[in-house]
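Undergrad: show me how the following folds:
(one chain, ligands or ions: 1)
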Amino acid sequence: MTKRQIPRPADFADLLNFKRPTLDLTASRLAGAHTIADLRDIAKRVTPRAPFDYTDGSAETELSLERARQAFLDIEFHPSILRDVSDVDTTCTIAGGPSALPFGIAPTGFTRMMHTAGERAGAAAAGSAGIPFSLSTVGTTTPEGVAEANPNGRNWFQLYMWKDRQRSIEVMDRAAMSGFDTLLVTVDVPVAGARLRDRYNGLTVPPTLTGRTVLNAIPKVRWWFDFLTTEPIGFSTFTEFDGTVAELLDSMFDPTVTFEDLVWIRDQWPGKTVVKGVQTLSDARRCVELGVDGVVLSNHGGRQLDRAPVPFHLLPAAVRELGHETEIMIDTGIMSGADIVASIALGARFTLIGRAYLYGLMAGGRPGVERAIQILAEEVERTMKLLGVRTLAELEPAHVTQLKSIVPDIRG
Ligand SMILES: Cc1cc2nc3c(=O)[nH]c(=O)nc-3n(C[C@H](O)[C@H](O)[C@H](O)COP(=O)(O)O)c2cc1C
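TA: Reported below is the predicted structural model:
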């Protein structure tokens, strides 16, 4: 029989571990987030439906994104045992400069709609983490504003070719004058993808108050308060637009752009030129032949062509064929540091994160982005240690098997 006694307060005082109440609700929410999925949950709770869905959603049946994420979930890692991994080095060089971690922030449009702190929060957080930040042509902060928020770090500029070539030159000049060192030329938007959630939500830029949005706004008071009491949403490179996202994209972008234009763009830009949105080996080859400095294997986070190739499936063949001639980066579907480590093991030089950053931004402005970067950094480091590697260069294809639920037929 177990002998029992009456508990004395002195015996259990040491067991009490109540959290001190804090008035900073955002900080306490962020501290409770341990994965990017946790940040997404918070983001969903605090952001009105239309901007949340604009970020979270993709095109048509959303299969491109679902498959890309599934491909990362299908990784099997093969760790090496009994290595000294007390010190791990996560630094790398990319596009002629350093990065403290093997990922940077991808360009995203309309970012101040997700949270009014927008690009400034992303750029400042990226700068303090020592990773590059990318500003979109349809971003909501000027190149000068981003440079001010991230004065000592690396900023990259993403270019959509305008119908008006002179305006393309003007925006490139502004970015170059503001010290941006790399141009990402996005090539997967000849027309806007069909983002059906935006259509159902009646999303406009900037968001407008309809009967439905007012109802939905009631529990998202903080978002509306920030939105209505800060500088109105403006764009990085043009003045004003009232309409839907699809209307804006279609009014701006030029479906006649070809490889010749790519050469023209490369020649206008003083820094590194990287083509973003490459989805086949033959196109990757053509970009490399034209002398660009890198390619991003990407399907735009599944927001353009639905049922597009999964970039992570394309990676090994692209690296085998072109990895010694150019820097191969990858995005779409990255939700954890393990996804990043697997990409580097299969030969990617660098990765970009879109939603992982935006979930953090929506969850809590700059501290939210910092939390997202911290979560991914810890996951990268821990995964490297568990795999028995100390540097990114030690990661190799033997560390990863891609278990493929769908078997791709990659054509050259
Ligand atoms: C809300 C949102 C807006 C985006 N806007 C742009 C853009 O303006 N230009 C661009 O090249 N890519 C844009 N992208 C694509 C990202 O740069 C990146 O390719 C994609 O987010 C990667 O997938 P992930 O979100 O799963 O990380 C956008 C993505 C999201 C989620």
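Undergrad: CA only for contacts and neighbour counts going forward, please
TA: Fine.
Undergrad: where do the helices sit along the stretch 201-350 of the chain?
TA: Counting by DSSP state H, counting those that start in this stretch, residue ranges of the helices within the stretch 201-350 of the chain are 211-217, 221-229, 245-252, 259-268, 281-289, 311-322, 337-345.
Undergrad: deepest of those, which one?
TA: Mean neighbour count (mean count of other C-alpha atoms under 10 Å) peaks for helix 337-345 among the helices of the stretch 201-350 of the chain, with a mean of 25.
Undergrad: what lies in contact with whatever helix or strand comes next after that helix?
TA: Note on helix 337-345: by DSSP states H and E, the next helix or strand toward the C-terminus is strand 350-353. Residues outside strand 350-353 that contact it (C-alpha atoms under 8 Å, 6 or more residues apart in numbering): 94, 102-106, 328-332, 334, 340, 343-344.
Undergrad: closest to the ligand out of those?
TA: Checking these against the ligand by C-alpha to the nearest ligand atom gives residue 332 as the nearest, at 3.2 Å.
Undergrad: I'd assumed residue 298 was in contact with the closest one.
TA: Yes - look at residue 332 against residue 298 with C-alpha atoms under 8 Å: they come within range, at 5.9 Å.
Undergrad: between those two, which contacts overlap?
TA: residue 311.
Undergrad: contacting residues for whatever residue of the stretch 151-300 of the chain ends up closest to the ligand?
TA: At 3.8 Å from the ligand, residue 300 is the closest residue in the stretch 151-300 of the chain, using C-alpha to the nearest ligand atom. For residue 300, the residues meeting the contact criterion (C-alpha under 8 Å, 6+ apart) are 188, 277, 331, 332.
Undergrad: the residues you listed in strands, which ones?
TA: Counted as lying in strands by DSSP state E, out of the contacts of residue 300, are residue 277.
Undergrad: and the stretch 51-200 of the chain, which residues reach the ligand?
TA: Proximity of the stretch 51-200 of the chain to the ligand is assessed by C-alpha under 6 Å from any ligand atom, with 54, 55, 106, 107, 108, 109, 136, 138, 186 identified as the residues in range.
Undergrad: what pLDDT is listed against the third one?
TA: It refers to residue 106. Confidence per residue is given as pLDDT, and for residue 106 that number is 98.
Undergrad: make JSON lines from the residues of the stretch 51-200 of the chain next to the ligand and add secondary structure and distance to residue 223 to it.
TA: As requested, those are exported to JSON lines (DSSP: H, G, I helix; E, B strand; the rest coil; distance: C-alpha to C-alpha, whole Å):
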{"residue": "54", "secondary structure": "helix", "distance to residue 223": "15"}
{"residue": "55", "secondary structure": "helix", "distance to residue 223": "15"}
{"residue": "106", "secondary structure": "coil", "distance to residue 223": "23"}
{"residue": "107", "secondary structure": "coil", "distance to residue 223": "22"}
{"residue": "108", "secondary structure": "coil", "distance to residue 223": "19"}
{"residue": "109", "secondary structure": "coil", "distance to residue 223": "18"}
{"residue": "136", "secondary structure": "coil", "distance to residue 223": "22"}
{"residue": "138", "secondary structure": "coil", "distance to residue 223": "21"}
{"residue": "186", "secondary structure": "strand", "distance to residue 223": "30"}
